[in-house]
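> sequence first, then the predicted structure:
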Amino acid sequence: IFLGIEERTSVDDADAVLGFDNLSSIINSMLVLVGATLVFFLIGAVFSARHAKKAPTIRLVSTNQPPEMSVGMGITWHLFNS
């Protein structure tokens, strides 16, 4: 199957396949793509944090605080089963 594959290492072949004429244009395009991905991630993280902040929580009527969830002495793991 792989006998017909030949290794190409010249810059002309990379230019013909990828369309980049030098290494700096490849690096610049990769930096732009990584930067755009980072911006999209940060926008999504901010949106998610704002949405989570507005989510309703269970609060005690007496103190208006979330209930304290404690585990007994000597117990490391617990299971919430619904």
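Ah, there it is.
> phi, psi of the residue most central in space within the chain?
Residue closest to the mean C-alpha point of the chain, counted by Cα atoms, centre = their mean, is Phe41 at 6.4 Å. Backbone torsions of Phe41, given as degrees, to the nearest 10, read phi -60, psi -40.
> okay, and the most far-flung residue of the chain relative to its centre sits in which element?
Using Cα atoms, centre = their mean, the residue of the chain lying farthest from its centre is Ser62. It sits 39.9 Å away. Secondary structure assignment for Ser62, by DSSP states H and E: no helix or strand.
> then Thr76?
Using DSSP H and E, no helix or strand contains Thr76.
> which residue packs closest to Leu18, ignoring adjacent ones?
In space, Leu18 comes closest to Ile26 once its chain neighbours are excluded; the distance is 7.4 Å by Cβ to Cβ, 6 or more residues apart in numbering. The C-beta positions use only the backbone N, C-alpha and C, and glycine is treated the same way.
> need the phi and psi values for the one you found.
phi -70, psi -40.
> and the gap between it and Leu33?
11 Å (Cβ to Cβ, to the nearest Å).
> between those two, who's got more neighbours?
The neighbour count for Ile26 versus Leu33, taken as other Cβ atoms under 10 Å, is higher for Ile26 (14 against 10).
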